[in-house]
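A.B. asks: coords below, sequence missing:
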Ligand code: HEM
C-alpha cells in the first residue's frame, strides 16, 4: 500500500466521523477536501496546522530556547549517529503503517489511564521515546501524546528508574523533561538512553548543531501549539506546575511561562481529558513493541554497538560495597542515581564503574559499552570483535592514548595474556566475587587471592634467602633421621655379619612386620603358654631366618635384637649412662610415667634411684606387711559375700578385684593413703595406659599420628593434666598432715620423693619430679603385681595339684609365683639405647642403636629351660633360679643389672601374702567362659579378662 493510498483512506475514515476533533486543540472541526496530507490525516485543524507550520519555520531565538539548546549542547553525546536518524524516519513511517492496520479504543477513560504509563527516574526526570521524524515536526508532538496516552511498555528496566533499553532506545528519540526550574527537554538519539555520564562525552560540533536545529524546530513547534491551545482554551500558564501522578496517570504541569501544556485546560488543571483522535492513528503497547521488534529484526542496516558477550555478562564480577567506598564519598549507580549502601552488591565493569545489577545487566544485553565511559566490552558479534581488534591495532600503531589507565590495560592487552593478568591484579585488588562460570575468555575478571599479595622484590629475595636454606636444613634433618643415620648403623653392623630384613626408606620394616603378623594369624595357638607367635611373630620369624642376633628397622630406629645368652649378660655390664633407656621413651611414655625413674638415664637416673630405692629395702617391706593385709581384707570380704550369696561357688572375674587390691597396697604402703583416696589417680592411669597402648599399634611413619591433635591425643592430654593436679594435691595434703614421716601411715616413699624434688640432682622442676615419680610408682607398682596375681590364679586354676601344694606350703607358692613370672613376665620387652659406642659380645654396637631383649622369648627358650619350657612346672624352681635355667641371668622377670626393679621385694611379698590368703579361703577352677588371649598393653595381660570359678573352702 502506497503512502497516498494510506492518507486517502485515513481521510475517508475521518470524513465519515461527524465529530472529528483536532489532535492539538481538541476542538471539533469539519474535514474537508483540503485535508489531503499526513497532517490532516492525523486530525489537526487548519488553525493548528497553520500555527505549527508558520511557527516551525520561524527563526526562534528566545532566551528560553537558547538556554535549552545550551543545556542540550552540554548534554549531547559525541556519537550521534546518522543511522539513528535514518532509523527515526523509518520508525515514523512504521508508525503510520501501523495506524492503518490497528484501532485502539483510546476514548475509553480506563484505557487512557493505562496508556499513561511511563517511568519516572528518582531524579525527577521522565523519559519516553518518540518518533523523531524531523520532516514532520508535529509528529514529535504526536509521538509525545502517543506515549502519554498510549500504553507503550518499556519493560522492567531498573525497577522504578528507567525505560527498557533494548532495541527501543536506539530507535527512538529520547525526550527528557526535568521537573525543576532548570528543566529542559532533551531529544536524544544517542545510544545511551540512561543519560549517564553524559558530561564526559564531547560533542561533535557539526552534528550537535544539526541536532540543535532539529530540536529547536521541535521545541518551537510545541511552544506554538501550546500557545494556540492556551489561547483557544483560555488557560493561563500559572496553572501548569509540573508532572503529577493521579491514579497512575501522569500529568504535565509546567512552571515555565513560555511552555504551555498542550493538554492543560482540557478538563481541568490536573486531569487531562482523554485525547480524542483517530483511533487508527495509534498503536497500543503490544503493537508498539511488535513494531520495534520487527524493525530491529528487519533492519539489517542498523549499525551501532552490539550487545555484550553473553559469557561476559554471565561472568561479570560482583563487588560488595565496603566502608572504603563510603569513605571515598559513597557510590552512586550512574544509571538510576541511587546511592549504593555498604554491604550491598554492585556489578563492576572492567573500567571499574559500578552499577546496580538490575541497572547494568539489561543495558549490557543491548550494548557492549560502559554507559559512563564507553569502555568497550567483549561481544558475541564476530564482526564487531574483528573491527574492534582492528581499531585496537590501529590505536597501538599510532600510540593513541586512551582515556583511562584501565582502558589502556584492557585494550592494549586484549591480545596479550600478560596485560590481562595485570588487569586481573587490578580487578582483584578490590573485593570481587564472581557469580558466573569460570573459564571463559572473560575469566580475566575473576579474582585470584594470589594477586593480592604484592611484595617488593628485595623482600622476596630476602625471604627466599631465609626459606631455602631452612627448607634444605629441614629436608636434610628428615633425610638424616629416616635414612642417613640408620643407614650408617646398618652398614657398621652388617659389616660385622649382622643380618636382617631389608628396610624401605619411609617404613623401615614395618610393612613386613604387618605382613608376617597377617600370615601367622591362622597358626596362632590360643591355648598355649607360648604367645610369642601371637604377640611378637616377626621376632620369631626373623630369629629363625637371621639367627639369634639380627637387625631390623622401625620408625627410623635401628633395632638390634639380642637373644644370645652371652650377649644378654653383657648388657648387664654397661652403666645406664652408656646403655640407657631409649631416648624416645621419654616422649612416648611421658604421659604415663613422666620423667620418673623408669625412663631417665645417667646422673638423673642415679639421683632418683638413690632417692627411692631405700624405701623398698627389705626392712622397710617388713613394716608394710600389715598394710598389705589391710589392703587384702576388702577383697576377701567381697568374694566371700559373692560366694555366700551364690551358694558357695560361682564365677568371678578377678581382674578388677586384684587391680584394686594392688593399687590399695601401693596407696597405703607408698603414699600413706588408702585406695579410696588414690582411686581417681589409678582409674586415670589405667585409662592412660589403654590409650597409649592403642597408640603403640602405630609403628613406623604412622607413629606420627601420636603427635597430631586427634581426639584420643586430646583425651590423653586431658588425663595427664588431671592426674598431675591430683598427685600434687595428694602430696601436699599428705606431707602437711603428718608434718614428718609417720610410721603408721607409711608415707615414707612420698616424703622421700618430695624431699628429693627439692634436691639438686635432677634436671626438671620439683613438681615434675614429684608427679613423674609418683606416676611411675603407681603404674609400675600396681599394674605389674596385679597382672602377675591374675596369671597366677589362672595357672593354679588349671593346675589344681599345684594349687593344693601352694595352699599348704609357702615355698611351693613362691615357686608358683616364679613360674608364673617366667611364663608371663609383665614387662615383656627390655629396650636399651647405646648412648655411646659400646661392645656387646664381640659386636661393636654404634651409638644410637636400640638393643632389644624379648624377655618372654628368653623365658620360653627350650635350649635354656628344656623341652617343657612352655609348660607350667613350678618345680623347676625347687633349687632356686640357678637350678631352673642355665645360665641363670636369662631369667629376668624383674630386669637385669643396674636397672632391676626397685619394687621386686614389695611385689614378691605382696604376691605371696595375697595369694596365700586367697588360697586359704577359696579354691579356683577354670571358667568355661575364659578365652586365652594374652595381649600386650605395656604389660602382658589377658585380652578378655580373667573369669574363674571360685569355691568357698
Ligand atoms: C610383679 C611385679 C613387678 C614386676 C614383674 C616388675 C618388673 C620390673 C622390670 C622388669 C623392671 C626393669 C625394666 C627394665 O629393665 O627396663 C622394673 C623396673 C622398675 N620397677 Fe618393677 N616390677 C614389679 C613390681 C614393681 C613394684 C611393686 C614397684 C614399686 C612399687 C616397681 C617399681 C619399679 C621401678 C621404679 C623400676 C625402674 C627401676 C630402674 O629403672 O632403675 N616394680 N620392674
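C.D. replies: Happy to help now that I have it. In this text, all values refer to a predicted model and were calculated from it rather than measured experimentally.

A.B. asks: Look up how far residue 618 lies from whichever residue of the chain sits closest to the ligand.
C.D. replies: Residue nearest to the ligand within the chain (Cβ to the nearest ligand atom): residue 903, separated by 2.0 Å. Bear in mind the C-beta positions are built from the backbone N, C-alpha and C, glycine included. In this view, residue 903 and residue 618 are 12 Å apart by Cβ to Cβ, to the nearest Å.

A.B. asks: that older thread, pLDDT score for the residue of the chain closest to the ligand?
C.D. replies: Looking at residue 903, its pLDDT is 94.

A.B. asks: near the ligand, which residues of the chain?
C.D. replies: 597-598, 609, 666, 776-777, 780-781, 784-785, 788, 821, 826-827, 830, 893-895, 899, 901-904, 906-907 (Cβ under 6 Å from any ligand atom).

A.B. asks: Looking at these, which are in strands?
C.D. replies: residue 830 (DSSP state E).

A.B. asks: Select from the residues of the chain next to the ligand every entry located in helices.
C.D. replies: In helices, defined here by DSSP state H, the members of the residues of the chain next to the ligand are 609, 666, 776-777, 780-781, 784-785, 788, 821, 904, 906-907.

A.B. asks: So which of residue 903 and residue 618 has more stuff around it?
C.D. replies: Using other Cβ atoms under 10 Å as the criterion, residue 903 and residue 618 rank with residue 903 on top: 25 against 9.

A.B. asks: quick one on the thing from earlier: can you flag the buried ones in the ones in helices among the residues of the chain next to the ligand?
C.D. replies: Listed as buried from these are 609, 666, 776-777, 780-781, 784-785, 788, 821, 904, 906-907; burial here means 16 or more other Cβ atoms under 10 Å.

A.B. asks: Tell me where the model's unsure across this protein.
C.D. replies: With pLDDT under 70 as the threshold, the chain has low-confidence stretches at 1-304, 383-456, 522-527, 674-677, 695-707, 734-746, 760-762.

A.B. asks: what residues go with each domain of it?
C.D. replies: As assigned by automatic domain parsing, the chain contains the domains 3-101+178-298, 310-452, 591-827+867-952.

A.B. asks: I'd guess residue 924 is in a strand, am I close?
C.D. replies: Yes. Using DSSP: H, G, I helix; E, B strand; the rest coil, the assignment for residue 924 is a strand.

A.B. asks: Mind listing the residues bridging to it?
C.D. replies: Beta-bridge partners for residue 924, by DSSP bridges, are residue 950.

A.B. asks: number of nearby residues for it?
C.D. replies: Residue 924: 21 neighbours (other Cβ under 10 Å).

A.B. asks: Verify the stated contact: it with residue 952.
C.D. replies: No. Counting by Cβ atoms under 8 Å, residue 924 does not reach residue 952; the two are 11.2 Å apart.

A.B. asks: for the stretch 701-850 of the chain, what spans make up the strands?
C.D. replies: For the stretch 701-850 of the chain, applying DSSP state E, counting those that start in this stretch gives strands covering 829-834, 838-840, 843-845, 850-854.

A.B. asks: Would you mind giving those strands as TSV with mean neighbour count added?
C.D. replies: Converted to TSV, the strands of the stretch 701-850 of the chain look like this (neighbours: other Cβ atoms under 10 Å):
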stretch	mean neighbour count
strand 829-834	20
strand 838-840	19
strand 843-845	21
strand 850-854	21
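
A.B. asks: quick one on the thing from earlier: give me the common contacts of residue 903 and residue 618.
C.D. replies: Residues within reach of residue 903 and of residue 618 at once, by Cβ atoms under 8 Å, 6 or more residues apart in numbering: there are none.

A.B. asks: Out of the buried ones among the ones in helices among the residues of the chain next to the ligand, which is nearest to residue 717?
C.D. replies: residue 776 (19.1 Å; Cβ to Cβ).

A.B. asks: ok, and the closest non-adjacent residue to that closest one?
C.D. replies: residue 596 (3.1 Å; Cβ to Cβ, 6 or more residues apart in numbering).

A.B. asks: Kindly report the same for residue 934.
C.D. replies: residue 531 (4.3 Å).

A.B. asks: how about the one you found, what does it touch?
C.D. replies: Residue 531 touches 856, 934, 940, counting by Cβ under 8 Å, 6+ apart.

A.B. asks: At which residues are the strands of the stretch 401-550 of the chain located?
C.D. replies: 432-434, 549-554.

A.B. asks: Tell me if I'm right that residue 807 and residue 920 touch.
C.D. replies: Yes. The pair residue 807 / residue 920 is scored as a contact, 6.6 Å apart, by Cβ under 8 Å.

A.B. asks: Look up how far residue 796 lies from residue 336.
C.D. replies: Applying Cβ to Cβ, the value for residue 336 to residue 796 is 96 Å.

A.B. asks: And these two? Which one has more around it.
C.D. replies: Each of residue 336 and residue 796 has its neighbours counted (other Cβ under 10 Å); residue 796 has more, 28 against 23.

A.B. asks: Need the three-state assignment for the spatially closest residue to residue 528 that is not a sequence neighbour.
C.D. replies: In space, and not counting its chain neighbours, residue 528 is closest to residue 870: 6.1 Å by Cβ to Cβ, 6+ apart. At residue 870, secondary structure determined by three-state DSSP is coil.

A.B. asks: how deep is residue 870 tucked in, by neighbour count?
C.D. replies: 17.

A.B. asks: what's the answer for residue 473, then?
C.D. replies: Residue 473, neighbours per other Cβ under 10 Å, totals 10.

A.B. asks: that older thread, including neighbour count and secondary structure, could the contacts of residue 531 go into CSV?
C.D. replies: Converted to CSV, the contacts of residue 531 look like this (neighbours: other Cβ atoms under 10 Å; DSSP: H, G, I helix; E, B strand; the rest coil):
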residue, neighbour count, secondary structure
856, 25, helix
934, 22, strand
940, 22, strand
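
A.B. asks: Which one of the residues you listed is nearest to residue 503?
C.D. replies: Out of the contacts of residue 531, the member with the shortest distance to residue 503 (by Cβ to Cβ) is residue 856, at 24.6 Å.

A.B. asks: which non-adjacent residue is nearest that closest one?
C.D. replies: Nearest to residue 856 is residue 828, by Cβ to Cβ, 6+ apart, at 4.8 Å.

A.B. asks: list the contacts for that neighbour?
C.D. replies: Shown in contact with residue 828 (Cβ under 8 Å, 6+ apart): 535, 854, 855, 856, 936, 939, 940.

A.B. asks: give me that answer again for 7 Å
C.D. replies: Counting by Cβ atoms under 7 Å, 6 or more residues apart in numbering, residue 828 touches 854, 855, 856, 936, 940.

A.B. asks: rewinding a little: and the residue nearest to residue 934, how far from residue 854?
C.D. replies: From residue 531 to residue 854 the distance is 11 Å (Cβ to Cβ).

A.B. asks: now swap in residue 881 and tell me
C.D. replies: 19 Å.

A.B. asks: Also residue 346?
C.D. replies: Note on residue 346: its distance to residue 854, by Cβ to Cβ, is 74 Å.

A.B. asks: Equivalent analysis for residue 752, please.
C.D. replies: Distance from residue 752 to residue 854, by Cβ to Cβ: 33 Å.

A.B. asks: Just the closest of the contacts of residue 828 to residue 604, please.
C.D. replies: Lowest distance from residue 604 to the contacts of residue 828 (Cβ to Cβ) belongs to residue 855, with 24.8 Å.

A.B. asks: List the residues that contact the residue nearest to the closest one when sequence neighbours are not counted.
C.D. replies: Distances taken as Cβ to Cβ, 6+ apart place residue 825 nearest to residue 855, at 4.9 Å, with adjacent residues excluded. With contact taken as Cβ under 7 Å, 6+ apart, residue 825 is in contact with 855, 856, 859, 893.
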